[in-house]
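Engineer: A structural model of the following input is requested.
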Amino acid sequence: MNIQEVAKEINKIINQKSSVFGLRVIDYSKSVGDTVEYSFDWDFENDCQSSDYLGGCSTIALPCVYDDDDCLSEIETIIKFCLKSYKGKSLLLVGGEHSGFGDDHNELIISDAICEGVWVL
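Structural biologist: Numbers count the residues shown, from 1 in each chain. Alright, predicted model coming up:
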C-alpha cells in the first residue's frame, strides 16, 4: 500500500469518528482497537528518554481534521514526516477523547489512546 492509499483510508476513518487524532510510527505490533501505551518524556538536559511517562501517547497531530473534510495532501505530508523522522515499520492512527500539546512541533499527547488504524509501510 502506498502513502496516497493510506492517506485516503485515514481521511475516511477520521471523517467517521469524533475524536482527536495523531499519527505515530512504532516498531512493534498493534491491531485496530488496541490501547496505545503512554510515551516516555524526554530528558532535554541529557538528550535522552527519561523514565517518566507523559500524560498519554505522543503523536504528530492531524490539525486538518478540524478544518476540512478532505485533507489528503496534508495527511500525506504528515505521513512522510513521520516515516522520515521516527524509527519503526508500522504507522498508527491514534485516536482519543483527551489531548494536550507536547514539546515538539505539532506534537499531540493523547490520553487513553486507541489504535484506529495500522499500516506497514
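Engineer: which residues sit in contact with the residue nearest to Thr35 when sequence neighbours are not counted?
Structural biologist: Nearest residue to Thr35 in three dimensions, chain neighbours excluded: Ile114, at 6.3 Å (C-beta to C-beta, 6 or more residues apart in numbering). The C-beta positions use only the backbone N, C-alpha and C, and glycine is treated the same way. The contact partners of Ile114, by C-beta atoms under 8 Å, 6 or more residues apart in numbering, come to Gly33, Asp34, Thr35, Val36, Val94, Gly95, Gly96.
Engineer: around the third one, how many other residues sit close by?
Structural biologist: Just to be clear, that refers to Thr35. 12 (other C-beta atoms under 10 Å).
Engineer: going forward can the numbers begin at 45, since that is how I track them
Structural biologist: Fine by me, first position is 45 from now on; the one you just mentioned is Thr79.
Engineer: low-confidence ranges in this structure?
Structural biologist: For the chain, applying pLDDT under 70 flags the ranges 108-114.
Engineer: ok, which stretches of the protein are strands?
Structural biologist: Taking DSSP state E to define them, one finds strands in the chain at 64-70, 84-87, 92-97, 101-105, 134-140, 142-145, 151-155, 158-164.
Engineer: before we move on, the earlier item: which of the contacts of Ile158 are buried?
Structural biologist: Val80, Val138, Gly139, Gly140 (16 or more other C-beta atoms under 10 Å).
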